[in-house]
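Asks: next one to model:
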Amino acid sequence: MADQGLRIADLHCNVAGNEILKGIDLMVEPGKVHALMGPNGSGKSTLAFSLTGHPQYQVTKGTVALDGTDLLELAPDKRARAGLFLSFQYPAAIPGVKVANFLHAARQAERPGDLPPAKFRALLLEKMDLLGMDPSFMGRYLNDGFSGGEKKRLEMLQLAVLAPKYAVLDETDSGLDVDALKAVGECIAALRASDEGRNTGFLIITHYPRILQHVAPDVVHVMIDGRIVKTGDADLAHRIEREGYDGIREEIGAIA
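Replies: As a prediction, the model looks like this:
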């Protein structure tokens, strides 16, 4: 269909009266992986929160459509029901709420009554097996006492259970050691290969290209000072690994 995709056009966003996004144009297609890279403070996380409807992020101009649906007209919960998922950079711990109960409530909120408890448990076990996660996770309290790697893998389990149309992963690699990063990368790769996940569009937001060693992007975008200043293929991420962002800044300055 012609209107498929997460389509962002001329998006401007203010935070506390300061303009952070200054005209973002970006489209994530179903089944594709887009990487959004940039230095700290460039506006990457602001884009993620503005897409999901965080009240502190005020969109002042532009449009966002998910498969033809105007996201900016929807409340945050309805954006999730429309098929948008956000993986947080710093997932919150909620002592007293078990992982299995949280995931069941999240699934019910998005798809009321689609799975009776027994079938939901079977689905949860299937997804945990897909991601190489121990079933004991189900009985633990949400992120309570979890390592950084466990928190991020639990985010991937949420993604697998909810099966959104488009997933925004906000610095999922933040704070992970080499082994944890590899595990999270393998989780994303497994989701992409699954029946439900192969048509999911991914926007992976990252500062470093480390996670892209495990999840090959179809398209790489570079954001600096609230604007996407360059778009390319995976070679662009390799260039940033070699040169940092200074080379991009110099190139953009020369063009300007």
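Asks: pLDDT wise, what is Pro112 at?
Replies: On the pLDDT scale, Pro112 is placed at 87.
Asks: look at it and give its secondary structure.
Replies: Of the three states, Pro112 takes coil under DSSP: H, G, I helix; E, B strand; the rest coil.
Asks: what about it, neighbour count?
Replies: Around Pro112 there are 8 other residues, counting by other C-beta atoms under 10 Å. Where you see a C-beta, it was placed from the backbone N, CA and C, and this is true even at glycine.
Asks: I'd say Gly83 and Leu71 touch.
Replies: No - the criterion here is C-beta atoms under 8 Å, and Gly83 misses it with Leu71 at 9.8 Å.
Asks: so who does Ala190 touch?
Replies: Leu130, Leu131, Gly132 (C-beta atoms under 8 Å, 6 or more residues apart in numbering).
Asks: would you mind checking these for buried ones?
Replies: Buried residues within those, counting neighbours by 16 or more other C-beta atoms under 10 Å: Leu130, Leu131.
Asks: OK, contacts around Thr231?
Replies: Thr231 sits next to Val219, Val220, His221, Val222 when contact means C-beta under 8 Å, 6+ apart.
Asks: would you mark the buried spots in stretch 94-109?
Replies: Lys98, Val99, Ala100, Phe102, Leu103, His104, Arg107.
Asks: ok, for the fifth one, nearest residue in space, not its chain neighbours?
Replies: Counting by C-beta to C-beta, 6 or more residues apart in numbering, the nearest residue to Leu103 once its immediate chain neighbours are dropped is Val161, at 5.2 Å.
Asks: state the distance from that neighbour to Ile204.
Replies: 19 Å (C-beta to C-beta, to the nearest Å).
Asks: wait, doesn't the residue nearest to Leu103 sit right on Leu124?
Replies: Yes - Val161 lies in contact with Leu124 (C-beta under 8 Å); the separation is 6.4 Å.
Asks: anything in contact with each of those two?
Replies: Leu103.
Asks: among the buried residues of stretch 94-109, which lie within strands?
Replies: Lys98 (DSSP state E).
Asks: out of the buried residues of stretch 94-109, which comes closest to Leu115?
Replies: Leu115 has its nearest neighbour among the buried residues of stretch 94-109 in Arg107, at 6.9 Å by C-beta to C-beta.
Asks: isn't the closest one right next to Gly113, touching?
Replies: No - using C-beta under 8 Å, Arg107 is not in contact with Gly113, being 10.2 Å away.
Asks: mind checking which helix or strand Cys13 is in?
Replies: strand 6-15 (DSSP states H and E).
Asks: tell me the average confidence for that strand?
Replies: pLDDT averaged over strand 6-15 gives 97.
Asks: got the contact list for Leu159?
Replies: For Leu159, counting by C-beta under 8 Å, 6+ apart, the contacting residues are Phe85, Ser87, Ala167, Leu191.
Asks: 6 Å instead?
Replies: Contact analysis of Leu159 by C-beta atoms under 6 Å, 6 or more residues apart in numbering lists Phe85, Ala167.
Asks: which helix or strand contains it?
Replies: Per DSSP H and E: helix 148-162 holds Leu159.
Asks: what is the subsequent helix or strand relative to that helix?
Replies: Next element after helix 148-162 (DSSP H and E): strand 166-170.
Asks: what about Gly83 and Leu71, which has more around it?
Replies: Leu71 (24 against 20).
Asks: next up, phi/psi of that one, please.
Replies: phi -70, psi -40 (degrees, to the nearest 10).
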